[in-house]
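Visitor: Quick check, what structure comes out for this input:
(one chain, ligands or ions: 1)
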Amino acid sequence: MALHISEAELERIVRSVVSELTGNGQSKAGVGGRVVNGQSRTVDEAVDAAAVAFKALSAHSLDDRKRFIEAIRAIGLKNKALLAKMAHEETHLGRYEHKIAKNETACNLTPGVEILEPRAFTGDHGLTVHEWAPFGVVAAITPVTNPSSVILNNAICMMAAGNATVVNAHPSAKVCSMKTIELINQAVVAAGGPDNVMTGVLEPSIETGTALMSHRKVDLVVATGGVAVVRAALRSGKRVVAAGPGNPPVVVDETADIAKAAKCVFEGASFDNNILCVGEKAVVCTEAAMRPFMEEMRKLPTYELSGDELAALLKNIVLTDGPKPRMNGQFVGRNASVLLESIGVRGREDVYLLLCRVPQDHQLLYLEQMMPVLPITTAPNVNAAIDLAIEIEQGFGHSAMMHSRDLAALSRMAKLIDTTLFVKNGSSLAGLGVGGEGYTAFTIGTATGEGMTTARTFVRERRCALVDYFRIV
Ligand code: NAD
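Guide: Just a heads-up that it's a prediction; the model follows:
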């Protein structure tokens, strides 16, 4: 008797064999060069599999796409703690509970296909519509700081736009990143979609990232990271969405609700040990606000460094052996208690944020630290505080915050600092839609100007003019 096995059944069997062979939930590339769940050995393999998935995805309806996105949200939420644990154990950055919150935010607050509203023009000459078409294969370069949350956020946006995506993860976050990609594909396949809508290279490096960004089958490059990757992406010769670094300053003046300002600054600057790109990195207080602000900050789980302690800590966290001072990777994203231990202050696991009073030209105000250390300086009045905050932001065009009830001052800073995100009287997280209105994005187009990215960022505009008829009025 002949044995009839459908292609879907065959695929299921192959997948379960691969999973058994690889064991321990470890993701591995598929047998015989066939990419399964996006797990690819080479850039070519990853791009080819994504190109096939893009074609298959294009044959699906918008309703199907909505269903696939719901499946990605659901699997991300179901595994938010697992992915947070994996990211924390692999990267040693940030805090486990905050990584869960980031995964949850990415799944719940990333918009789907609903953001792709068409545009229409009607008049004597009929009806013209604009619709949003996918690019095809997107190359996504992802950071070590938010590995699974950026990938979940990018997956939802890029899938909503109808694209397939190839990820080159940060080498120090490759395992949790590839696990996220595996889960995303499993969800889409279980919802009736194609496998490999998101692929990734199992052993990513700067070299695989460079090769991916200039690959002939890649239609759009999306780079989320520091200055070097933004520059590399802009050299790729492709259309680029560059989500670069920042150094978000906060201004606090004496008209603010100071207790609330302190709580918000603490929340943003201590969240995930301040490795979020939007997190409060430096505070400028007016002279009149400084004393009450510090009093409120001391009521929170903070530790104020003495001058000697700060000098000792700087020797550990800032490296000065290169052309410019830079942060010591050994301490990036570590808990405040680890930084304290390095200067001999032990047993302070209760501390979430270190505070230090510094002069206006102190290096900590100008370095994107990515550590739970908050430099605080003063300015004589609110206008001087705003001017200094603009210097500290350094033209990255990323994020800034202000706590004040002075409408003219709030308005002045909003205009002059010219950042992509500006939060008034809230924490930086409000700019991501957490405790503030609006959707979320974990890829914030700064250098290239897209702002909070959505599916709308990853589409081509197409126009269809229907001449003389079709207007219904
Ligand atoms: P990173 O720049 O070290 O790495 C980011 C990614 O780029 C990684 O995948 C890395 O392998 C790759 N990369 C780095 N240099 C490269 C090069 N020369 N060529 C090709 N690929 C290269 O950054 P990180 O430490 O992973 O993340 C933190 C940085 O990212 C911070 O500066 C932060 O502000 C920024 N960031 C920005 C956003 C945003 O939305 N604007 C979001 C998250 C992080």
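Visitor: Residue 468 reaches residue 127, doesn't it?
Guide: No: using Cβ atoms under 8 Å, residue 468 is not in contact with residue 127, being 9.5 Å away. All C-beta atoms are positioned from the backbone trio N, CA, C, and that covers glycine.
Visitor: These two: which has the busier surroundings?
Guide: For residue 468 against residue 127, the residue with the higher neighbour count under other Cβ atoms under 10 Å is residue 127, and the figures read 17 against 9.
Visitor: Count the residues that sit near the closest residue to that one other than its chain neighbours.
Guide: Nearest-residue entry for residue 127: residue 470, 4.0 Å, with adjacent residues in sequence omitted and distances by Cβ to Cβ, 6 or more residues apart in numbering. By the other Cβ under 10 Å criterion, the neighbourhood of residue 470 contains 13 residues.
Visitor: So that it lines up with my notes, have the first residue be 381 from now on.
Guide: Sure, I'll start counting at 381 from here, so that last one is residue 850.
Visitor: Now do residue 850, the pLDDT please.
Guide: With respect to pLDDT, residue 850 scores 95.
Visitor: Double-check that it belongs to a helix.
Guide: No: the assignment for residue 850 by DSSP: H, G, I helix; E, B strand; the rest coil gives coil, which leaves it out of any helix.
Visitor: Please report the distance of it from residue 772.
Guide: Using Cβ to Cβ, to the nearest Å, one obtains 54 Å as the distance from residue 850 to residue 772.
Visitor: picking that back up, isn't the residue nearest to residue 507 up against residue 506?
Guide: Yes: because the distance of 5.2 Å satisfies Cβ under 8 Å, residue 850 is recorded as touching residue 506.
Visitor: Strands of the stretch 631-780 of the chain, start to end?
Guide: Residue ranges of the strands in the stretch 631-780 of the chain, as given by DSSP state E, counting those that start in this stretch, are 662-666, 682-684, 698-699, 706-707, 733-737, 753-759, 779-783.
Visitor: so which of those gets nearest residue 440?
Guide: Across the strands of the stretch 631-780 of the chain, the minimum distance to residue 440, taken as Cβ to Cβ, is reached by strand 779-783, at 36.5 Å.
Visitor: What about the residue in the stretch 681-830 of the chain positioned nearest to the ligand, how many residues nearby?
Guide: Scanning the stretch 681-830 of the chain for proximity to the ligand using Cβ to the nearest ligand atom identifies residue 824 as nearest, at 3.5 Å. For residue 824, the number of neighbouring residues by other Cβ under 10 Å comes to 23.
Visitor: Who are the contact partners of the nearest residue to it once chain neighbours are set aside?
Guide: Take residue 824 and drop its neighbours on the chain: the residue closest to it by Cβ to Cβ, 6+ apart is residue 623, 5.2 Å away. Shown here is residue 623, whose contacts under the criterion Cβ atoms under 8 Å, 6 or more residues apart in numbering are 602-605, 610, 657, 823-827, 833.
Visitor: run the last query once more with 6 Å
Guide: When contacts are counted by Cβ atoms under 6 Å, 6 or more residues apart in numbering, residue 623 is found next to 604, 823-825.
Visitor: Also residue 847?
Guide: The neighbourhood of residue 847, defined by Cβ under 6 Å, 6+ apart, consists of residue 506.
Visitor: where's it relative to residue 661, distance?
Guide: From residue 847 over to residue 661 (counting by Cβ to Cβ), the distance is 55 Å.
Visitor: same thing with residue 798?
Guide: According to Cβ to Cβ, residue 798 stands 17 Å off from residue 661.
Visitor: The two: which has the busier surroundings?
Guide: Each of residue 798 and residue 661 had its neighbours counted (other Cβ under 10 Å), and the higher figure belongs to residue 661 (30 against 13).
Visitor: So the more buried one is in contact with residue 625, correct?
Guide: No: with contacts counted by Cβ atoms under 6 Å, residue 661 stays clear of residue 625, the gap being 10.3 Å.
Visitor: Ramachandran angles for the residue nearest to residue 507?
Guide: Main-chain torsions, residue 850, degrees, to the nearest 10: phi 80, psi -20.
Visitor: and if you look at residue 494?
Guide: Here is the backbone geometry of residue 494 (degrees, to the nearest 10): phi -60, psi -20.
Visitor: How much space separates it from the ligand?
Guide: Residue 494 sits 22 Å away from the ligand, going by Cβ to the nearest ligand atom, to the nearest Å.
Visitor: neighbours of that residue, just the number please.
Guide: 11.
Visitor: before we move on, what about the one 10 residues further on?
Guide: With neighbours defined by other Cβ under 10 Å, the count for residue 504 comes to 6.
Visitor: Now the residue of the chain found nearest the ligand: phi and psi?
Guide: Closest residue of the chain to the ligand, Cβ to the nearest ligand atom: residue 605 (2.5 Å). With angles defined as degrees, to the nearest 10, residue 605 sits at phi 170, psi -150.
Visitor: quick one: contacts for it?
Guide: Neighbouring residues of residue 605 by Cβ under 6 Å, 6+ apart: residue 523.
Visitor: residues from the stretch 431-580 of the chain in reach of the ligand?
Guide: Residues of the stretch 431-580 of the chain that fall close to the ligand, judged by Cβ under 6 Å from any ligand atom: 521-526, 548-551.
Visitor: Kindly recompute the last result at 5 Å.
Guide: 521, 523-525, 550 (Cβ under 5 Å from any ligand atom).
Visitor: Following element in sequence after the helix or strand of the chain with the lowest mean pLDDT, please.
Guide: The helix or strand of the chain with the poorest confidence is helix 387-402; it has a mean of 45 (mean pLDDT, DSSP states H and E). If you walk from helix 387-402 toward the C-terminus, the next helix or strand you reach (DSSP states H and E) is strand 419-420.
Visitor: I'd like the contacts of residue 623 as a markdown table, with pLDDT and secondary structure appended.
Guide: Output for the contacts of residue 623, formatted as a markdown table (pLDDT from 0 to 100; DSSP: H, G, I helix; E, B strand; the rest coil):
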| residue | pLDDT | secondary structure |
| --- | --- | --- |
| 604 | 98 | strand |
| 823 | 98 | coil |
| 824 | 98 | strand |
| 825 | 98 | strand |
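Visitor: Among those, which pair sits farthest apart?
Guide: Largest separation among those by Cβ to Cβ: 604 and 825, giving 9.3 Å.
Visitor: Of the two, which one has the most company?
Guide: A side-by-side neighbour count of residue 604 and residue 825, using other Cβ under 10 Å, places residue 604 first with 28 against 22.
Visitor: Hmm, the more buried one is touching residue 523, no?
Guide: Yes: counting by Cβ under 6 Å, residue 604 sits close enough to residue 523 to count as a contact (5.3 Å).
Visitor: could I get the strands of the stretch 631-780 of the chain as a markdown table with mean pLDDT and distance to residue 793?
Guide: Listed next are the strands of the stretch 631-780 of the chain as a markdown table, based on pLDDT from 0 to 100; distance: least, Cβ to Cβ, whole Å:
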| stretch | mean pLDDT | distance to residue 793 |
| --- | --- | --- |
| strand 662-666 | 98 | 10 |
| strand 682-684 | 98 | 25 |
| strand 698-699 | 98 | 28 |
| strand 706-707 | 96 | 27 |
| strand 733-737 | 98 | 22 |
| strand 753-759 | 98 | 12 |
| strand 779-783 | 98 | 5 |
